[in-house]
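>>> sequence and predicted structure below; questions after.
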Amino acid sequence: MNMNHIFPYFSRFTQVFHKVIPPLPPGPRGLPIIGYLPFLGTEHHRKFEELAGVYGPIYKVWLGQKLCVVVNSPSLVKEVVRDQDTIFCNRDPPIAALAATFGGADIAFSSYGPNWRKLHKIFVREMPIKEIFQWSENILDTAIEKRMNSNEGKEDGTGKFEQKDFLQFLLELKEKNDTATSISMTQVKALLLDIMVGGSETTATMVEWVMAELMQHLEAMRKVNEELTEIVGSDSLVEESHLPKLHYLDVVIKETCRLHPALPFLVPRCPSQSSTIGGYYVPKGTRILLNVWAIHKDPKIWENPLEFQPERFLNNPSKFDFSGNDFKYIPFGSGRRICAGIPLAERTLTYTIASFLHSIEF
Ligand code: HEM
């Protein structure tokens, strides 16, 4: 066992001895140095769900030299993302993420501080979300039109799109002299990474899961198709104005996000100072995993949790939205570090799936 393993225990021992701080959470035993790593298997979300069944709403697990605390209940998630959000809103990026994001210069892996605040403000308040959406809308329209052998596209005749470019928006910010909003080239690249990598992989994964669930549940597929015929009509393509009226598709997407959250532990957080969760001691620097996978399938919270039942959201669609205010349902996270792209993600998901289903017979 190396010093990293020993030190928290030693320092805790002296403090517990003097009755200053509570114990660490319970958790499975691991091996010296490598901790619990050899027992994780390949499906970490299932293993961590299984451990929640054994150790309850909070447990610790050593992954190599890293102390991880896994939180498995809505009330303890609230302690992390609401009651103590300022302490727990740092990230704990692995080396690979730091290498990919220019040392954590982006929003997702940046520590909570001036860089995050500036980029987050630009992203949430100033980014031309509509233009980014229309850019993806154009790509999809063209793909579907090609698929339908139609020549009526939104291209300008030269094969290029007429849309204003969001890259141009970022480059203009780079040229600004105003320190409050101007950004460096590294920040431009980091923001693009968040949009292109963070935004596209998650959205593509969710589109695949929705299609897979609908193909397994033909009654739900029939209802979505009926709704599309009613709202869009049989001879037209799906447009952005149709999206808010597609209520059944909305609950299909919500139910899919419950069963298959794109990030089953969200993006791990890290306390900036030692704290407690659920009465247990959590040292500064611990990796905090919020186990959305287990919470979304907890039979104490959900009736028939493993079944695909979009109707469970139908009577109360606004209670379970993506805002992260109800800690039983947080596919996009919650608190200060909630997904910065929710409006875009919601529109893109609904638009892509609606267009596929309306234009192609599966
Ligand atoms: C279905 C699609 C998506 C899902 C399921 C999703 C989910 C998430 C989740 C779970 C987090 C972590 C939240 C937390 O730690 O509390 C996150 C963070 C983030 N997402 Fe998304 N996301 C999606 C699409 C997008 C899109 C389209 C964009 C941008 C174009 C985006 C940008 C971000 C950014 C920048 C963060 C980091 C926020 C921060 O650390 O402050 N996401 N997302």
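In hand now; what should we look at?

>>> and residue 1, what's its pLDDT?
pLDDT for residue 1: 48.

>>> give the helix, strand or coil label for the closest residue to the ligand within the stretch 101-250 of the chain.
Scanning the stretch 101-250 of the chain for proximity to the ligand using CB to the nearest ligand atom identifies residue 199 as nearest, at 3.0 Å. All C-beta spots, glycine's among them, are computed from the backbone N, C-alpha and C. Three-state assignment for residue 199 (DSSP: H, G, I helix; E, B strand; the rest coil): helix.

>>> tell me how many other residues surround it.
Residue 199 has 19 neighbours, counted by other CB atoms under 10 Å.

>>> packing partners of the helix or strand hosting residue 121?
Per DSSP states H and E, residue 121 falls inside helix 114-121. When contacts are defined as 3 or more CB pairs under 8 Å, 6 or more residues apart in numbering; DSSP states H and E, helix 114-121 sits against helix 185-193.

>>> anything in the helix it packs on near the ligand?
No. For helix 185-193 and the ligand, the contact criterion (CB under 6 Å from any ligand atom) is not met; the two come no nearer than 8.2 Å.

>>> gap between that helix and the chain center?
In terms of CA atoms, centre = their mean, to the nearest Å, the centre of helix 185-193 is found 20 Å from the chain centre.

>>> if you count neighbours, what's buried in it?
For helix 185-193, a neighbour-count test (16 or more other CB atoms under 10 Å) marks 187, 188, 190, 191, 193 as buried.

>>> and for the spatially closest residue to the last one that is not a sequence neighbour, the neighbour number?
By the measure of CB to CB, 6 or more residues apart in numbering, the closest residue to residue 193 outside its immediate chain neighbours is residue 106, 5.6 Å from it. Residue 106 is flanked by 27 other residues according to other CB under 10 Å.

>>> shaky segments in this protein?
In the predicted model of the chain, residues 1-19, 128-165, 317-318 satisfy pLDDT under 70.

>>> contact residues of it facing the ligand?
Within reach of the ligand by CB under 6 Å from any ligand atom, the chain has these residues: 107-108, 120, 194-195, 198-199, 202-203, 206, 262-263, 266-267, 331-334, 337-341, 344-345, 349.

>>> how long is stretch 229-237 end to end?
10 Å (CA to CA, to the nearest Å).
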